[in-house]
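Sequence first, predicted model second:
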Amino acid sequence: MLRKLWSHFIRWKHRRYIQMLCNRGMKLGSGVTIEDGFFFDPSHCYLIEIGNDCTFAPNVRIIAHDASARRITGFTRLARVVIERDCFIGDSALILPGVTVGEGSIVGAGSVVTRSVPKGSVVVGNPARVLCTVDEFRARQLDTVSAGPKFSSDYWIGNASRRQLEELVAASERGPVFMV
C-alpha cells in the first residue's frame, strides 16, 4: 500500500515538473515518454523543443545554457535544443546547448551530445559520434535477436517467479537474451 502511494506521488511530481517546464515555454509534443530522473534545464526551458513520439530513458539531461566561461567572459551562452519527432534518448545521455537531434534518431546510453545529430542516425560516446544509420542498426539488431533466446514479458521482474529469473540469468551467461 505504501509503495503504491509513493508511486502515485512520484508520477504526480513528475507530471507537475513537466507542466511547470511547459508553462515556462518548453515545447513538448504529443506521445512523449519521459522516464524518472530526467533533468530538463528549468532556467532556460523555453529554449527546449521536443517533437512528437520521443522516448527519454531514465536520467536524461538536457541543458540549454553553458556557464563554463562566465567567470572569464562575464557571459553565459544560451542556445536552443531541439529533439525532433520519433527519437530515442538513452539512459543518462546528456544533450548540450545548440544541439538538434534529427528525426528518428537514437542517442545511446551515456552519450554526451555536443553537436547536432543527422536525421535517422545512431550516435554513441563522449563526445557522441555517428555510429550508423537507424536502418543499419535495425538490421544488426534483428540479426542478433534471431540468434538469441527470447523471453516473454512474463519474465519481467515484476511478473517473474524465482525459477523464471534463474532461467533468464542462466541463458544470459551464454550471451544476450531478449524480452518481448
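Great, that's in hand. Computed from a predicted structure; not experimentally measured.

Does anything pack onto the one helix or strand in the chain whose mean pLDDT sits lowest? Which helices or strands?
Within the chain, judged by mean pLDDT, DSSP states H and E, the helix or strand with the poorest mean is helix 2-23; its value is a mean of 84. On a contact count with 3 or more Cβ pairs under 8 Å, 6 or more residues apart in numbering; DSSP states H and E, helix 2-23 meets strand 27-28. C-beta: built from backbone N, CA, C; applies to glycine.

Show me what the helix or strand that the strand it packs on is followed by is packed against.
Note on strand 27-28: by DSSP states H and E, the next helix or strand toward the C-terminus is strand 33-34. Of the remaining helices and strands, those touching strand 33-34 by 3+ Cβ pairs under 8 Å, 6+ apart are strand 55-56.

what pairs with the strand it packs on, and is each one parallel or antiparallel?
When pairing is defined by DSSP bridges, strand 55-56 lines up against strand 33-34 (parallel), strand 88-89 (parallel).

quick check: mean pLDDT across the last one?
Meaning strand 88-89. In this model, strand 88-89 has an average pLDDT of 98.

what's in contact with that strand?
Strand 88-89 is contacted from outside by 54-57, 60, 83, 95, 101, 105-107, using Cβ atoms under 8 Å, 6 or more residues apart in numbering.

So what's the gap between that strand and the chain middle?
The chain centre lies 4 Å from the centre of strand 88-89; the measure is Cα atoms, centre = their mean, to the nearest Å.

same deal with the first one?
Here strand 33-34 is found 8 Å from its chain centre; the criterion is Cα atoms, centre = their mean.

buried residues in stretch 114-121?
Neighbour-count burial for stretch 114-121 flags 117, 120-121 (criterion: 16 or more other Cβ atoms under 10 Å).

where does the chain have low pLDDT?
Low-confidence segments of the chain, defined by pLDDT under 70, are located at 1.

Next up, the contacts around Glu35.
By Cβ under 8 Å, 6+ apart, the contact set of Glu35 is 56-60.

Please report how far it lies from Glu136.
Counting by Cβ to Cβ, to the nearest Å, the gap from Glu35 to Glu136 is 26 Å.
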